[in-house]
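A.B. asks: next one to model:
(one chain, ligands or ions: 1)
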Amino acid sequence: MKFSFSTAGESHGPAEVALVHGVPAGLGLLAGDVNRDLARRQKGYGRGGRQKIEKDEIEFLGGVRHGRTLGSPIAMLVRNRDYANWESRMTPDPVEEPPDPITLPRPGHADLAGMQKYAFDDLRNVLERSSARETTARVAAGGVARKLLAEFGVEIHSAVYRIGAAAYPKEQAASSARKADESEVRCPDPEVSEQMKAEIDAARYARDALGGEFVVVAEGCPPGLGSYVDWRDKLDARLAAAILSINAIKGVEFGMGFEVARHRSSEVQDEILAEDGSVSRASNRLGGLEGGMTNGEPVVVSAAMKPISTIAKALRTVDLATGEPSRAFRERADSCAVPAAAVIGESMVAVVLAEAFLEKFGHDNITDIRAAYDSYMARISQSVRGARTPER
Ligand SMILES: Cc1cc2nc3c(=O)[nH]c(=O)nc-3n(C[C@H](O)[C@H](O)[C@H](O)COP(=O)(O)O)c2cc1C
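C.D. replies: Numbers count the residues shown, from 1 in each chain. Purely as a prediction, here's the structure:
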């Protein structure tokens with residue numbers, strides 16, 4: 001089966017669940033490999049009270065034995081500690097006195113269209129699943145993907161380069177993303193980090209919220225992941241879809257991104273150089289992707305996140321119970337979640353790259369995959385001529 005995952009769970013329900021298919025047998029995998037990223041997702045200046053309640057950690061329910069994957073689906077459970085405070089409102093069992101329905105849909109959320117689409121009169125039924133709490137399970141799945149990729153030298157980092165008006169050059173953020181874990185806002189520059197925190201404080205003081213931009217960098221990808229042959233296989237399109245599926249992400253760019261449209265070709269393409277009989281690139285402006293495939297340079301994906309929709313200065317809405325103008329429902333909220341979104345971005349990039357990696361090198365077990373990988377890498381690194389199909 002192809003590498004893929006699905007998630008289940010409501011924000012204040014008993015747990016978040018990730019089910020990962022297509023993981024090869026024989027991969028060393030410990031709970032700690034996954035928990036590390038879950039902890040990184042929970043961090044970030046500007047998060048709301050929920051993160052103080054939760055300490056996200058997985059329990060393996062299937063797919064792993066004695067620290068190694070079995071090739072069977074990997075099931076992971078992350079309990080919601082907050083469920084203890086929500087049990088009567090969120091229990092799966094029927095209740096005698098249901099809580100009052102919430103009827104004040106929040107602009108910028110799934111609330112209104114979700115109630116219309118699924119015929120709900122209580123927007124809790126929508127918000128519980130549309131909440132970004134679901135991304136906990138995505139990060140768990142991403143942790144498995146990342147462990148697989150790390151076996152073959154692929155490392156993934158992220159950095160935040162804009163929050164509100166505070167900005168750091170994207171290229172510098174990409175090249176120093178390894179340092180981002182040291183910053184509360186995931187910006188590698190300490191001075192700009194302080195400016196970003198001040199931006200968040202100012203927005204919070206004004207009872208408002210902020211978005212921003214982040215970059216994800218995947219180093220060590222072999223050339224040829226993805227394909228130009230079929231539109232569904234194009235890796236840039238798959239990465240874009242995965243990043244856009246993250247809550248509140250409104251735009252995706254690769255390398256220099258939309259800037260390409262403002263430059264001449266010679267300022268955009270990455271020239272191919274011959275170096276000791278093999279090929280290299282003069283630059284990486286296109287973010288490591290050409291023709292829907294990796295080209296061996298670092299994959300550089302950036303994204304724009306809109307500001308958090310739930311703000312203290314509640315926005316106008318309509319009370320769906322009365323049809324009267326009102327103010328949006330407000331529940332505990334982050335004032336900025338761009339640093340967390342960057343970690344989720346790493347996870348989604350890891351999932352797409354792992355899927356493409358296994359398409360290329362096989363699915364069954366790490367030993368066979370390694371043999372296929374080594375043979376491919378040996379062939380393409382032989383010489384410039386060796387990159388071509390031998391003539392018969
Ligand atoms: C890590 C993370 C945390 C978020 N926290 C909140 C929050 O506390 N309050 C809120 O209103 N939206 C929050 N959002 C954004 C909403 O989940 C998102 O805007 C909403 O589900 C609607 O989806 P859309 O913006 O993609 O259209 C968060 C998003 C992410 C990625």
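
A.B. asks: now do stretch 74-85, average pLDDT.
C.D. replies: Mean per-residue pLDDT for stretch 74-85: 95.

A.B. asks: and it, is it in reach of the ligand?
C.D. replies: No. Judged by Cβ under 6 Å from any ligand atom, stretch 74-85 makes no contact with the ligand; its nearest approach is 13.1 Å. C-betas here are computed from N, CA, C, even on glycine.

A.B. asks: off-centre distance for that stretch?
C.D. replies: Distance of stretch 74-85 from its chain centroid, counting by Cα atoms, centre = their mean, to the nearest Å, is 20 Å.

A.B. asks: repeat that for stretch 170-184.
C.D. replies: Here the centre of mass of C-alpha atoms in stretch 170-184, compared against the chain's by Cα atoms, centre = their mean, lies 16 Å away.

A.B. asks: measure it end to end?
C.D. replies: 18 Å (Cα to Cα, to the nearest Å).

A.B. asks: what's that stretch in contact with?
C.D. replies: Residues outside stretch 170-184 that contact it (Cβ atoms under 8 Å, 6 or more residues apart in numbering): 40, 43-45, 157-161, 186-190, 193, 197, 213, 215-217, 257, 298, 300, 302, 339, 342.

A.B. asks: again, only using 6 Å
C.D. replies: Outside stretch 170-184, the residues within contact range by Cβ atoms under 6 Å, 6 or more residues apart in numbering are 45, 157-159, 161, 186, 188, 193, 215, 217, 300.

A.B. asks: with stretch 361-374 instead?
C.D. replies: So stretch 361-374 is contacted by 22, 24-27, 152 (Cβ under 6 Å, 6+ apart).

A.B. asks: could I get these as JSON lines with secondary structure, neighbour count and pLDDT?
C.D. replies: JSON lines is the format used below for these (DSSP: H, G, I helix; E, B strand; the rest coil; neighbours: other Cβ atoms under 10 Å; pLDDT from 0 to 100):
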{"residue": "22", "secondary structure": "coil", "neighbour count": "17", "pLDDT": "98"}
{"residue": "24", "secondary structure": "coil", "neighbour count": "23", "pLDDT": "98"}
{"residue": "25", "secondary structure": "strand", "neighbour count": "18", "pLDDT": "98"}
{"residue": "26", "secondary structure": "coil", "neighbour count": "18", "pLDDT": "98"}
{"residue": "27", "secondary structure": "coil", "neighbour count": "22", "pLDDT": "98"}
{"residue": "152", "secondary structure": "coil", "neighbour count": "18", "pLDDT": "98"}
